[in-house]
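K.L.:
below is the structure, and that's it, no one-letter string:
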């Protein structure tokens, strides 16, 4: 896949799978304290390499992942937006989750909302998925606002089982949207 070959696009963003040359930019993003404020720790470059391998393997297995997200006009890597199958043990899972992680310079431009809407459109209309959830820590107001902007509804609060050793990050909100609810995409 060449650098300009996206799986799909929104008005300003391109979405593609992961490559080895994404490591440097993604490592910077995951080493940023503000970006990672709602996660228990920053990720090392080695952890980012493993994370990217998992994301690409997820795509190879399922046909979707949290995609590399770039600005179309400049091809600037701004982070990831996409969907992934989650099976940690809660009353909301197993389920397909939508999520995003963008570098600070991309904040406040509506990229997370635009990208999430386009990923929902792709998931529902191209992949035939009928329900998607999204989770965030209870203090992650910015992500929660994106969930609301894309039409998701809060369905509950839970203790994330993967965060049991990190009490400050354990309590999460869960939002949901069904394909029948996506009027903004029709």
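P.N.:
Noted; the coordinates are in hand. Since the structure is predicted, the reported quantities are computational estimates derived from the model, not experimental observations.
K.L.:
residue 28 and residue 104 touch, don't they?
P.N.:
No - the criterion here is C-beta atoms under 8 Å, and residue 28 misses it with residue 104 at 10.2 Å. C-beta here means a position set from N, CA and C on the backbone, and glycine is covered the same way.
K.L.:
what ranges do the strands span in the protein?
P.N.:
8-9, 13-16, 66-71, 76-86, 95-102, 131-137, 153-159, 171-178 (DSSP state E).
K.L.:
please identify which of these is closest to residue 55.
P.N.:
strand 66-71 (5.7 Å; C-beta to C-beta).
K.L.:
point out where the chain drops to low pLDDT.
P.N.:
1-4, 183-186 (pLDDT under 70).
K.L.:
point to the residue nearest the middle of it.
P.N.:
residue 99 (2.3 Å; C-alpha atoms, centre = their mean).
K.L.:
for that residue, name its beta-bridge partners.
P.N.:
Counting by DSSP bridges, residue 99 forms beta bridges with residue 82.
K.L.:
mind listing what residue 65 touches?
P.N.:
Residues near residue 65 by C-beta atoms under 8 Å, 6 or more residues apart in numbering: 17-18, 55-56, 58-59, 82-84.
K.L.:
now with 7 Å, please.
P.N.:
Residue 65 makes contact with 17, 55, 58-59, 82, 84 under the criterion C-beta atoms under 7 Å, 6 or more residues apart in numbering.
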